[in-house]
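Asker: Attaching a predicted model along with its sequence, questions to come.
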Amino acid sequence: MVCFTGVYARWYTLGMSKTVPIRELRSELSQVIDQVADLREHVIVTRHGRPAAVLVPVDEYEALEETAEILSDAETMTAIEEGRREVERGETVTLDQLRQELRSRRPT
């Protein structure tokens with residue numbers, strides 16, 4: 001199985017998060033939302049000093065949902081792994097070769 005945890009950790013969390021207690025979030029919600037939406041910061045909301053929630057930009061949330069869906073689909077993961085093995089074996093085609101193949105399949 002492909003492991004995306006390391007990729008996520010490097011891409012999404014490098015210096016882009018801050019921690020805000022829930023009390024502060026209540027009084028500064030508009031500014032915090034601006035930071036998340038406009039500056040693409042991640043905000044960890046704490047309750048009693050412990051992480052309780054995370055605010056992330058909507059597109060990142062959607063990408064995480066899509067990734068989780070892909071990772072939970074055994075058939076898709078099998079196809080991805082087979083594709084990786086084909087690449088390792090050198091069983092690839094160029095974009096031009098693919099286009100030519102598709103053209104040859106079109107009815108005339």
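Answerer: Yes, it's here. Numbering: from 1, shown residues only.

Asker: from here on, contacts and neighbour counts on C-alpha atoms
Answerer: Fine.

Asker: and residue 35, how many neighbours does it have?
Answerer: Other residues within reach of residue 35, judged by other Cα atoms under 10 Å, total 17.

Asker: roughly how far apart are the nearest residue to it once chain neighbours are set aside and residue 90?
Answerer: Leaving aside its sequence neighbours, residue 35 sits nearest to residue 41 (Cα to Cα, 6 or more residues apart in numbering; 5.8 Å). Distance from residue 41 to residue 90, counting by Cα to Cα, to the nearest Å: 40 Å.

Asker: Tell me, please, the helix or strand in the chain that averages the lowest pLDDT.
Answerer: helix 5-13 (a mean of 48; mean pLDDT, DSSP states H and E).

Asker: quick one: the nearest residue to residue 71 once chain neighbours are set aside from residue 30, how far?
Answerer: Leaving out its chain neighbours, the residue that sits closest to residue 71 by Cα to Cα, 6+ apart is residue 77, at 6.4 Å. According to Cα to Cα, residue 77 stands 40 Å off from residue 30.

Asker: With neighbour numbers in mind, choose between the two.
Answerer: residue 77 (15 against 10).

Asker: So that one is in contact with residue 67, correct?
Answerer: No - using Cα atoms under 8 Å, residue 77 makes no contact with residue 67, being 11.0 Å away.

Asker: which regions of this protein sit below the pLDDT cut-off?
Answerer: The chain contains residues with pLDDT under 70 at 1-16.

Asker: show me where it has helices.
Answerer: Taking DSSP state H as the test, the helices found in the chain are 5-13, 22-27, 29-39, 58-71, 74-88, 95-105.

Asker: same for the second one, what does it pack against?
Answerer: Identification of packing neighbours for helix 22-27 by 3 or more Cα pairs under 8 Å, 6 or more residues apart in numbering; DSSP states H and E yields strand 42-47.

Asker: Buried residues in the strand it packs on, which are they?
Answerer: Neighbour counts using 16 or more other Cα atoms under 10 Å place 42, 43, 44, 45, 46 of strand 42-47 among the buried residues.

Asker: and which of those residues is nearest residue 84?
Answerer: residue 42 (32.1 Å; Cα to Cα).

Asker: Go ahead and confirm residue 21 touches residue 53.
Answerer: No - applying Cα under 8 Å, one finds residue 21 not in contact with residue 53, separated by 10.3 Å.
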